[in-house]
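In: Predicted model, plus sequence, below.
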Amino acid sequence: MGNFLPSTEAQRREMMDAVGVRKIEELYADIPADLRQQAADAVAAMPKGVSEFEALEQMKSLAKQNRVFDAIFRGAGAYWHHIPAVVSRVAAKEAFVTAYTPYQPEISQGILQTIFEYQTMLCELTGMDAGNASVYDGATAAAEAAAMCRERNRSVTLLAEGLNPESIQTVQTYGFGADAELHIVPNKDGRLDLDALKLALNGTVASLILQSPNYYGVIEDVPAIAELVHAAGAKLVVSMNPTAMALLASPGEMGADVAIGDGQPLGIPLSFGGPYLGFMACKKDMVRKLPGRIVGQTTDAAGRRCFVLTLQAREQHIRREKASSNICSNQALCALTAAAYCAAMGPVGLSEVARACYDNAHYLANELGKIKGFAPVNPDAPFFHEFLTHAPANAEKVLIALEDEGILGGLPVEGGILWCATERNTKAQIDQLVAILKKAVAE
């Protein structure tokens with residue numbers, strides 16, 4: 001309970017003396033002064049408390065400002081999928097919702113079992129030997145993977161240009177703190193430029209982080225890339241959409257050493273961007289470098305099946321200089337939700353969802369290609385359920401036209417518009433989108 005007991009003035013003074021500061025404000029010296037002032041003003045301007053009834057009315061008023069779309073054709077890391085009712089029902093049970101951060105060795109068997117089952121399903125999806133109990137999101141998983149691959153004489157991390165921009169930024173933030181060297185390997189015709197990769201690979205490179213399908217939807221040639229990376233003595237980290245893994249070859253089958261990604265498509269609602277779920281799995285020889293926690297199955301003194309925290313590679317549990325990560329918590333409830341989703345769907349259901357995503361996206365791409373200004377940017381590149389098209393001169397106008405009809409269109413990005421279709425996008429919705437675009441372009 002010590003975490004919740006306030007320190008005395010004498011204790012605060014002792015701590016400040018130990019770190020060499022005279023007053024609390026000096027601890028925030030790295031934060032720009034204008035931001036510190038904004039925070040202080042916000043605290044000073046906080047309104048007085050209100051009753052439960054008044055709070056609910058205010059929340060309803062705020063909720064009415066939200067725009068709820070009838071159909072979504074946008075992905076870029078967050079995807080619109082159907083979530084079976086049983087998934088939310090299981091995840092909403094009080095015993096799971098209120099459970100404390102699961103890193104204590106005495107944690108309940110129920111939570112340990114749910115994590116074990118999540119890890120088992122994750123390994124089946126990724127083709128890997130071991131998975132951890134999850135991290136915060138896909139971007140965090142990328143940064144943690146870069147850290148686990150670095151060695152004393154190999155510290156350079158290569159990032160494929162097709163990696164999600166949020167993941168690139170997060171890896172860069174981690175790298176700044178660790179004084180690690182990072183390099184971006186460019187794309188060519190929508191895919192990683194293999195010639196550029198060959199030039200970038202050398203004896204100092206620890207790993208390449210690749211996304212397939214990449215941020216622009218293109219499926220990378222992972223086996224060929226794995227061969228180049230391993231020939232240079234480096235590790236290959238593959239970030240992959242979990243839905244795609246039900247249809248395409250898994251990262252493990254294609255030669256990856258580490259598989260990462262965001263588990264949001266596995267039964268987790270969009271929810272304004274979170275909380276989401278970062279999954280991580282690896283080959284057996286890298287298990288001891290895997291951050292976070294790993295739950296294992298064993299037997300107790302009476303020979304009964306039980307579960308234990310097998311490995312915890314953070315500084316709280318092992319000597320600080322030996323720690324491979326400072327991840328403090330896993331997304332236990334999100335991991336449970338993903339496990340419930342996978343169990344509810346089963347292998348056949350997951351494959352059917354993936355096939356529907358593929359079919360709907362290719363139908364959408366074909367129909368968009370018939371509209372002036374929406375030609376595909378990479379017409380010969382294979383894709384799963386996202387793709388990039390050129391944007392017409394009045395792109396903003398046509399996207400607003402879609403919104404006026406309750407449809408969220410593709411995401412404007414550098415080079416065009418990034419579209420997505422999932423199993424929730426019906427043929428009727430696609431045909432309606434195409435009709436609206438044709439009319440908007442003609443006006």
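Out: Alright, I've got the coordinates. Numbers count the residues shown, from 1 in each chain.

In: For the stretch 251-400 of the chain, give me the ranges with low pLDDT.
Out: By pLDDT under 70, the low-scoring segments of the stretch 251-400 of the chain are 313-326, 328-330.

In: Now do the strands in it.
Out: 258-262, 278-282, 293-299, 305-312, 386-389 (DSSP state E, counting those that start in this stretch).

In: Ok, which of those comes nearest V43?
Out: strand 278-282 (31.7 Å; CB to CB). C-betas here are computed from N, CA, C, even on glycine.

In: Report all helices and strands that that closest one contacts.
Out: Secondary-structure packing of strand 278-282 (3 or more CB pairs under 8 Å, 6 or more residues apart in numbering; DSSP states H and E): helix 109-126, strand 130-131, helix 138-149, strand 258-262.

In: Could you tell me which residues within that strand count as buried?
Out: Buried residues in strand 278-282, counted by 16 or more other CB atoms under 10 Å: 278-282.

In: Report the inter-axis angle for it versus helix 138-149.
Out: Calculated by axes from the mean of the first three to the mean of the last three CA atoms, to 10 degrees, strand 278-282 forms an angle of 30 degrees with helix 138-149.

In: Quick one: distance of strand 278-282 to the chain centre.
Out: Counting by CA atoms, centre = their mean, to the nearest Å, strand 278-282 is centred 10 Å from the centre of its parent chain.

In: now it against strand 258-262, angle please.
Out: On the basis of the same axes, to 10 degrees, strand 278-282 is oriented at 170 degrees to strand 258-262.

In: can you list contacts of strand 278-282?
Out: The contact list for strand 278-282 (CB atoms under 8 Å, 6 or more residues apart in numbering) reads 119, 122-123, 126, 128-132, 134-141, 144-145, 148, 242, 252, 257-263, 289-292, 331, 338.

In: Helices along the stretch 151-300 of the chain, start to end?
Out: Secondary structure of the stretch 151-300 of the chain by DSSP state H, counting those that start in this stretch: the helices cover 165-178, 194-200, 222-231.

In: what about the first one, average pLDDT?
Out: So the one you mean is helix 165-178. Averaged over helix 165-178, pLDDT sits at 93.

In: Tabulate the CA atom coordinates of that helix in CSV.
Out: Provided in CSV are the C-alpha atoms of helix 165-178 (Å, rounded to 0.1, in the frame of the first residue of the first chain):
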residue,chain,number,x,y,z
PRO,A,165,4.2,6.3,-38.9
GLU,A,166,3.1,6.1,-35.3
SER,A,167,5.3,3.0,-34.9
ILE,A,168,8.3,4.8,-36.5
GLN,A,169,7.8,7.8,-34.1
THR,A,170,7.6,5.6,-31.1
VAL,A,171,10.7,3.6,-32.1
GLN,A,172,12.5,6.9,-32.6
THR,A,173,11.4,8.1,-29.1
TYR,A,174,12.7,4.9,-27.5
GLY,A,175,15.9,5.1,-29.6
PHE,A,176,16.5,8.7,-28.4
GLY,A,177,16.5,7.6,-24.8
ALA,A,178,18.7,4.7,-25.5
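
In: Next, the residues that contact that helix from outside, please.
Out: 77, 138-140, 142-144, 146-147, 150, 157, 159, 180-182, 184, 209, 211, 215, 239.

In: Of these, select the buried ones using a PyMOL command.
Out: The buried residues among these can be selected in PyMOL (16+ other CB under 10 Å) with this line:
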select buried, resi 77+138+139+140+142+143+144+146+147+150+157+159+180+182+209+211+215+239
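
In: ok so, going back, okay, the buried residues of strand 278-282 in CSV with distance to A42 next?
Out: What follows is the buried residues of strand 278-282, written out as CSV (distance: CB to CB, whole Å):
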residue, distance to A42
G278, 30
F279, 35
M280, 36
A281, 41
C282, 42
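
In: of all those residues, which comes closest to V87?
Out: Distances from V87 to the buried residues of strand 278-282, taken by CB to CB, are shortest for F279, at 16.6 Å.

In: Please name the nearest non-neighbouring residue to that closest one.
Out: G263 (4.8 Å; CB to CB, 6 or more residues apart in numbering).

In: separation between that neighbour and A339?
Out: For G263, the distance to A339 equals 10 Å [CB to CB, to the nearest Å].

In: what do you get for S108?
Out: 16 Å.

In: The two - which one has more neighbours?
Out: A339 (26 against 14; other CB atoms under 10 Å).

In: Help me confirm that that one comes into contact with E117.
Out: Yes - counting by CB atoms under 8 Å, A339 does reach E117; the two are 5.1 Å apart.

In: What's the biggest helix in this structure, counting residues?
Out: Determined from DSSP state H, the single longest helix within the chain is helix 332-368.

In: Report the inter-axis angle for it versus strand 278-282.
Out: Counting by the same axes, to 10 degrees, helix 332-368 lies at 100 degrees to strand 278-282.

In: Quick check: buried residues in helix 332-368?
Out: Buried residues in helix 332-368, counted by 16+ other CB under 10 Å: 332-345, 350, 353-354, 356-358, 360-361, 363-365, 367-368.

In: Could you do stretch 294-304 as well?
Out: For stretch 294-304, using 16+ other CB under 10 Å, the buried residues are 294-295.

In: what sits up against that stretch?
Out: 112, 115-116, 119, 130-133, 287, 305-312.

In: And that stretch, how far out from the chain middle?
Out: On the basis of CA atoms, centre = their mean, stretch 294-304 sits 31 Å off its chain's mean C-alpha point.

In: What's the separation between the nearest residue to E386 once chain neighbours are set aside and A302?
Out: Residue nearest to E386 in three dimensions, not counting chain neighbours: G217, with 3.2 Å by CB to CB, 6+ apart. Using CB to CB, G217 is found at 53 Å from A302.

In: Buried only: go through the contacts of stretch 294-304 for me.
Out: The neighbour-count test (16+ other CB under 10 Å) applied to the contacts of stretch 294-304 identifies 112, 115-116, 119, 130-133, 287, 307-309, 311-312 as buried.

In: so how far is A147 from A361?
Out: Using CB to CB, A361 is found at 34 Å from A147.

In: and the two most separated of the buried ones among the contacts of stretch 294-304?
Out: Longest span within the buried ones among the contacts of stretch 294-304, CB to CB: L112 and V287, 17.9 Å.
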